[in-house]
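here is the input, now give the coordinates:
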Amino acid sequence: MGLVAGSKGACLPKATAEVDRRDLVNVVAGESYSIGLWKTGNYAAAHLTTAVEMLGYNTELKGTGGLAVDAFYALMGCTNPLGNADRGCGRSVTYVHINVEAWQEGYVDEWAQVQAQYPKVAPINLGNGGYSGTSGMYVPLAVQQKAYQAEGISLDFYRDYNMSWRTPGSYFSPPGDMDVSRLLPCADTVLMSNAHMGVYFDLTGDAEGVVVDSEGFVVAKCFADHFWYAPACRADPGTCLTWLTAGTGWGMPEGWLKATIYNIPLATAVASTFQNYANLPTDFNVMLFWWVPDPTFLRLKPRKVIFPEYDREEWARGDRRSAVRDFSVDKLVSWDLRLLAPEVEEFITRFQLSPKAVDEMMLDQLDTTDVDFDVACRSQKNTGNIGLFKVEKDEKFLQTREEVKITCFFSSQLEDAQGITFICQECPSGSFQVSGASVSCTPCPAGSYQNETGSLACNRCPVGQYQDEEGQRDCKLCPAGATTLLLGSNSILDCGCKAGSINVASVATNVTSKALECIPCQEGFDCPFSSSVQALLTGQPSSSEQLATRIQSGYFATVNDPLQLFRCRPAAWCPGGMPGTCAGGLKGEPCSFCPDGKSWAGDKCADCGAAAVGWVAAVSLALIGVRTAYFYSNSAVTAQATPWRTVQMTVRLAVNVMQSLALFGLMSAKWPETFEQISSSLQIFVLDMKNLNLNCLLGGNSVLSYVASTVVFPLVLLWLVICHAGSHLICSRKCGLHRWKWPFTFNTMGLFLQLGFGTMAAVSMKPMMCYRHPNGRHSVVSYPSILCGEAGHGLMVLFGILSLILLVGFVALCSYAVWKLPRWSLEGEYKKAQSFRFCTWNFRSDTYGFIVALLCRGLGFAVAVVVGTNAPPVQTGLASMVLITYAVMQAWLRPWKAPVINVADAVLSACLVVLANRSSHEDGLLEEEFQEYFTLLILLLTFACLASLVLLCIVGVALQLAGVDWNCVLSGGGHDATKIAQSLKQCAEWLMKLETAHLQSEIEAMNPYDVMTILNLISVIEADIQNTKPDRSDRATTTSNRSSGRGVSHSTSRVRLAALNASITVLSGPAEWNFTNLQGSSAWLSSEEFLFFFLGGEVLQIRSPK
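I've put the predicted structure just below:
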C-alpha cells in the first residue's frame, strides 16, 4: 500500500491554515524543514497526515518502502534507505521523522542490528498503532452462512471441521472441481521441501502422506499433480474441502499439521498467480489462507477459523497446531523528533486506529478508487475522530493562567484560591514524561526501566536483562549463563543460553527460571543464542535460520543421547544437522557401516547383489596366483636389472607409495578435501575393504572384518605350505606334478611378506589407533563403531599383537639373514642363502641389507600414526622423521639395481616428506585454497613420477623384445663391456709391475671416498668375477687368502650371485626339470614343455635336460 499526496489544503475544519503551519527548526544544523513521513501503509499514513494538521506543522512524504526494514534506515537519515549493499548511513541529520504501520516484529534481526550498529541515531518504537496483523485459515461469509442454515454449523471453530463428527467438505468445492490450469503443480511448491515435510513427518508420523527417498529426504505425496490430501479425506478425495493459498505455498506447513492433528479434510492447493489467487474464491467455494489488514478478499467478508491459543514453545519446536501469533503494527519515529517537536511525538504515541476503521477505509477505496488522502480525510470527517486522541489547547499554567508552555517537567495539578493550576514536579523513578506540561507521569512499560527522577524517557533493558512489569526502576537479570538477543526484553522467555552454550533443562519447566540450565557446548555443535536440546532434536531454529542449533558436519549423536557427540571418520559419512542423521543409509555410533545385505557404494549403501560370487572368484584367482608365484619368485638372481626386473621394482615402489598415502588418511591431521578422497580410495592398500563389499560376506561386524584382514597374509603362508606338501603327495606325482623345494618355498613366503609388510604393519597397529570423541570416549580409527576398551576391542588387540609378533619376527629374521648371507654364499650353504634370495632380488649385491631399512620404514610409519593419533603435530613429526631417515639412507646407498628406480625413489620420498609436513598447517599459516592447490601439486608430481617410470619401463621392455640396447633408457647409458675388460686387464698388468711399497704410499695419500671406490672394485672382482662358480675348493682358497692376508675382508660383505643361483631346480621328477634363462631366446617349446611366465627379464621355461 502507498500514501498518495492528495490535496495540499487542510482536511479538517479546525486544522491550522497552510500558510500558518511551521517547519521543524534544527538549531544545531542551522536548518528548518517539514516533518518527513515514510510510507509503508497507505491508510494509517494518510490518516496521520490529516491529524498532524491540527498541530500546525508542515508535512511532506519523503519516500515509500515496500518493507518495514526500509523505514529503519530512512528514519536514521540514510541517503539510500532502499539499497541493499550500501544504504548511505552515518549522517547526524534526518529528514524522515515518522513511519506508521511498521511490521517491526517481522524483522527482529535487522532491528537488533540497527540498534547495535547505530545506537545514537537508531529509530524509536512508540508501540502499537491500534491494530495488529495476523494470518491464518479464513472462510468466506457466504460459505459459513450456507453451513449454518443447513446444519447450524458456524464453521468458525476448528472442531467444526472434524470429520469424526461432521462432513464440512460438502459446503466447499472438492479438489476435483477446481480449474487446475490456474494452480501450481506440486513440484513448484513447498510440498517438495524436505525441511518442512521432514518436520511434519516427525511430528505426525503420517507415512501415507509423504515420500521418503533412499537418502532420508522427505517430500509430500502429491495427488492429481496439484493437491495434497489430509488423512481425513485421503481415502475419498470427494469429501475434501479445498484450501487455497498463493506464492509457493504460504502457510502450508501450518495447514498440513492442523489438518492432520485435528482431523480436518483438507486438500491444499496453490494458485499459479496472485490474480488467480484473488479470483478463484469468487468462482469456487474454498477455504482461504489470508492475512489482515489486506483488501484482497474484503468483499467476501471472510471469518477467521479459531484454533487453540498461540503456544510459543510449540512453535519454537516447529509444532504449529496452535493459532498463529498476531504481529503488532507499530509506529516508529526518528531519534530527534522528541527534541524538535515533543508534542508531535506525544501525539504519535497516543495515535491509534481501530481495525474497523482500517477495513472501512479499504472498502471505501475499493468502492470509490479515490486516492489515500481523500479516503483518510473522508474517514475522519465521518467519524470525527483524530486517531482516538484529541489535542487539548485550553489548559492554563501557573498563576498567570496563560496557555500551556513547555517550561518545566511533569505538572502536578494544584487547586488554590484562584482555581485549578499546575506546579512543576519531577516524575519519580520508574516513570517518565515525554514532553513538557504533562498532567501525569507515564509508568515505564515492560521491557524498560528508569532509575532517575524527572526523565523524559525510559531506558530499554540492556542485553542480558528483562523486565516483565511496568513502572520499574531497574531490570531483572536472566538466569545464570543466559542472555537476551535484543534490548528491551519484557519476559523471561526472551532469555536464552548464550552463544556457545546449550539449555539442557526439560520442556516441562520452560516457564520458570529453572528452565534455563546452560552448559558449554562441546566441540562439534553449532550453538547460537538460545540453543536448547529441544531445538537440536527438532531441527527448528529459535528465531531465524542463522540461529538454528545443529550438529556440525563430521559429527554424530544419537536421538536418545543428543549431547554425547562422536567424531566421524570419514567426516562425509556424518552430514550433521539433527541427531541420528547418517549419510547414505549408514548405521552405527557413529555412522560407519551399512545394514546387512548392503554395502558402501561410494556415496550410499547399495544392495550387495552378486558380491559374494565376485569374492569367491577373486579368492580363487588369488590362490592360483600365489601358487604360481612360486615359480616366478625363484628365477635366477642377476646383478643387472633387466627391463622386466625394473617393472617388478616399479610395482614394488608404487605399492610403497600407495601404502604411505593410505596411511596418511589414517592420521588425525587435517587434510584438504581432495586428498582425503584420494586417500580414502587407497585404503585397500591397508586392507580396508569396506568399498569392496566385504561386509556382504561378513555382515556389519567390524571385529570380524578386522580379524579377516589380519589373517590374510598368514593364510597366504599356510596356502604355500599346503601347496608344498601337496607337491610331495604320491597322487601328485602320478598326475605329473613335481616336488617343491623348501628353500624356494621359504623364499616365496619371504617375497610376499616383504611386498605386504607396510600393509601388515598398518593392519596390526589399527586396534591401537584410538582417536578421541568430543564426549571423551575413544574409537578405533578404521572402525569407528568399535569403542576402545569396550566389547570386541580386546579381540582386535589380540590379533593385532599376534600380527605384530609376526612382523617383528620377520624383521629380525631378515636382519639375521642379511648378516649371514655373505658367509652362507661364501661357505657353500646354498639352501640357507636361497631361502632369502628375496632380500637380493631388487637390491645390489653390496646393499641388499637395505631391505631391513625398507621394512623398518613401513613399521616405523605405522608406529608414528599410533603414537600421535590424538596429537597431529606429534604424528606428523614422527612420520616425517621416519620418511626423512629412509630418504637419507636411500640417497646415500642408492640400493636399487636400476638407476632409474633410485632416482624415482628419491623423488617420491621427497614428495611424501613434503606431504607429511603440509598436514601440520591447519588453516593458520596458509590460506585454505592455497593448501588445496599445493597438496594437489605434490600429488600430481608423485603420480607423474610413477607414470614416467611406467613409461620408461614400457620403452625398455619394447627395446629388449626388439633386440635393441635398452640400457640408455633404464641404466643411464650403455657400456662397452669389451673396452672395459681390456682396460681392466691393462690396469691389472700395470698394477702388477708396481712395487707394493709404492702402491701402499699412493693409497695412503688418497681421498677416503677414492679408497672406498677401490675397495668396492676389489669386492666386485673377488665376489662376482673371481668366484663365478663357488665350490668347496673355492671356499678353501678364499679362506686361505683371507688368513694369509692376500685377500681383503671388505669382499665378505657382498653376496655371491653364483651361490644364489647354484643348482636352481624348482621341479624334480623322473626327468630333472630346471629353470633355463633364455634371455630373449627364440627356441620353440616342445610338446612336453610349457611357458610359465614372461617376467623378470627372462622368459622362464621349464625344460627337461638333454
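
what is the longest strand of the protein by residue count?
For the chain, the strand with the greatest residue count under DSSP state E is strand 124-139.

need the CA coordinates for that one. PDB is fine.
Output in PDB follows, covering the C-alpha atoms of strand 124-139 (Å, rounded to 0.1, in the frame of the first residue of the first chain):
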ATOM      1  CA  ILE A 124      12.400   4.600  18.300                       C
ATOM      2  CA  ASN A 125       9.400   2.300  18.500                       C
ATOM      3  CA  LEU A 126       6.400   4.100  20.100                       C
ATOM      4  CA  GLY A 127       4.300   1.000  20.300                       C
ATOM      5  CA  ASN A 128       1.200  -0.400  18.600                       C
ATOM      6  CA  GLY A 129      -0.900   1.700  16.300                       C
ATOM      7  CA  GLY A 130      -4.200   0.400  17.400                       C
ATOM      8  CA  TYR A 131      -4.400  -2.900  15.400                       C
ATOM      9  CA  SER A 132      -2.400  -6.000  14.700                       C
ATOM     10  CA  GLY A 133      -1.600  -8.100  11.700                       C
ATOM     11  CA  THR A 134      -2.400 -11.700  11.600                       C
ATOM     12  CA  SER A 135      -2.800 -14.600   9.100                       C
ATOM     13  CA  GLY A 136      -4.500 -18.000   9.100                       C
ATOM     14  CA  MET A 137      -7.400 -20.000   7.700                       C
ATOM     15  CA  TYR A 138     -10.400 -17.900   6.600                       C
ATOM     16  CA  VAL A 139     -13.900 -19.000   5.500                       C
END
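
mean confidence (pLDDT) on stretch 255-275, please.
The average pLDDT within stretch 255-275 is 93.

what do you get for stretch 765-775?
Rounded mean pLDDT across stretch 765-775 is 87.

what's the answer for stretch 110-117, then?
Stretch 110-117 comes out at a mean pLDDT of 86.

then it to CSV, C-alphas only?
Output of stretch 110-117 as CSV, limited to C-alpha atoms (Å, rounded to 0.1, in the frame of the first residue of the first chain):
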residue,chain,number,x,y,z
GLU,A,110,17.5,-6.3,11.3
TRP,A,111,16.1,-4.2,14.1
ALA,A,112,18.7,-5.5,16.5
GLN,A,113,21.5,-4.9,14.1
VAL,A,114,20.4,-1.2,13.6
GLN,A,115,20.1,-0.6,17.3
ALA,A,116,23.5,-2.1,17.9
GLN,A,117,25.3,-0.5,15.0
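
now do that stretch: distance to the chain's middle.
30 Å (C-alpha atoms, centre = their mean, to the nearest Å).

buried stuff in that stretch?
111, 114, 115 (16 or more other C-beta atoms under 10 Å). All C-beta spots, glycine's among them, are computed from the backbone N, C-alpha and C.

could you check the angle the one helix or strand the last one maps to makes with strand 124-139?
Okay, so that is residue 115. Element membership of residue 115, judged by DSSP states H and E, is helix 108-117. On the basis of axes from the mean of the first three to the mean of the last three C-alpha atoms, to 10 degrees, helix 108-117 is oriented at 180 degrees to strand 124-139.

helices or strands up against helix 108-117?
Using 3 or more C-beta pairs under 8 Å, 6 or more residues apart in numbering; DSSP states H and E, the elements in contact with helix 108-117 are helix 68-75.

packing partners of the helix it packs on?
strand 35-39, strand 59-64, strand 98-102, helix 108-117, strand 327-333.

coming back round to it: name the strands paired with the longest strand of the chain and say parallel or antiparallel.
Note on strand 124-139: by DSSP bridges, its sheet partners are strand 287-292 (antiparallel), strand 303-304 (antiparallel), strand 327-333 (antiparallel).

any residues touching the helix or strand that it is followed by, and which ones?
Beyond strand 124-139 in the direction of the C-terminus, DSSP H and E gives the next helix or strand as helix 141-151. Helix 141-151 is contacted from outside by 153-156, 166, 168, 171-172, 285, 300-303, using C-beta atoms under 8 Å, 6 or more residues apart in numbering.

one step back: what's the closest of the strands paired with strand 124-139 to residue 789?
strand 327-333 (55.4 Å; C-beta to C-beta).

buried residues, that closest one. List them.
Quick answer for strand 327-333 (16+ other C-beta under 10 Å): 328, 329, 330, 331, 332, 333.

list only buried entries from the contacts of helix 141-151.
Buried among the contacts of helix 141-151 (16+ other C-beta under 10 Å): 153, 155, 166, 168, 171, 172, 285, 300, 302, 303.

looking at the buried residues of stretch 110-117, spot the one nearest residue 727.
residue 111 (88.0 Å).

any idea how far that closest one lies from residue 38?
Distance, residue 111 to residue 38, using C-beta to C-beta, to the nearest Å: 15 Å.

what sits against residue 264?
Residue 264 neighbours (C-beta under 8 Å, 6+ apart): 158, 161, 162, 163, 168, 230, 232, 258.

surely residue 696 is within a helix?
Yes. The assignment for residue 696 by DSSP: H, G, I helix; E, B strand; the rest coil puts it in a helix.

per-residue pLDDT of residue 410, please?
On the pLDDT scale, residue 410 gets 49.

and if you look at residue 1026?
The model's pLDDT for residue 1026 equals 57.

cool, residue 446 as well?
91.

which ones among the buried ones among the contacts of helix 141-151 are found in strands?
Among the buried ones among the contacts of helix 141-151, the residues falling in strands (DSSP E) are residue 303.

pick the one among the buried ones among the contacts of helix 141-151 closest to residue 313.
Of these, the one sitting nearest to residue 313 (C-beta to C-beta) turns out to be residue 303, at 28.1 Å.

pretty sure residue 841 sits in a strand.
No. Residue 841 is assigned coil when assessed by three-state DSSP, not a strand.

thinking it is in contact with residue 751, fair?
Yes. With contact defined as C-beta atoms under 8 Å, residue 841 and residue 751 form a contacting pair (7.3 Å).

who touches both of those two?
With C-beta under 8 Å, 6+ apart as the test, residue 841 and residue 751 both reach residue 633.

for residue 806, see how far away the one residue sitting closest to the centre of the chain is.
Residue closest to the mean C-alpha point of the chain, counted by C-alpha atoms, centre = their mean, is residue 553 at 3.6 Å. According to C-beta to C-beta, residue 553 stands 40 Å off from residue 806.

shaky segments in the stretch 951-1100 of the chain?
972-974, 1023-1054, 1056-1060, 1062-1100 (pLDDT under 70).

rerun that using 90 as the cut-off
Residue ranges of the stretch 951-1100 of the chain with pLDDT under 90: 952-1100.

residue 581 belongs to a helix, doesn't it?
No. Using three-state DSSP, the secondary structure at residue 581 is coil, not a helix.

surely it is in contact with residue 574?
Yes. Residue 581 lies in contact with residue 574 (C-beta under 8 Å); the separation is 7.3 Å.

neighbour count for these two, which is higher?
Neighbour tally, residue 581 and residue 574, criterion other C-beta atoms under 10 Å: the higher count belongs to residue 574, 27 against 18.

grab the nearest non-local neighbour of the more buried one.
Of all residues not flanking residue 574 in the chain, residue 568 sits nearest, at 3.7 Å (C-beta to C-beta, 6 or more residues apart in numbering).
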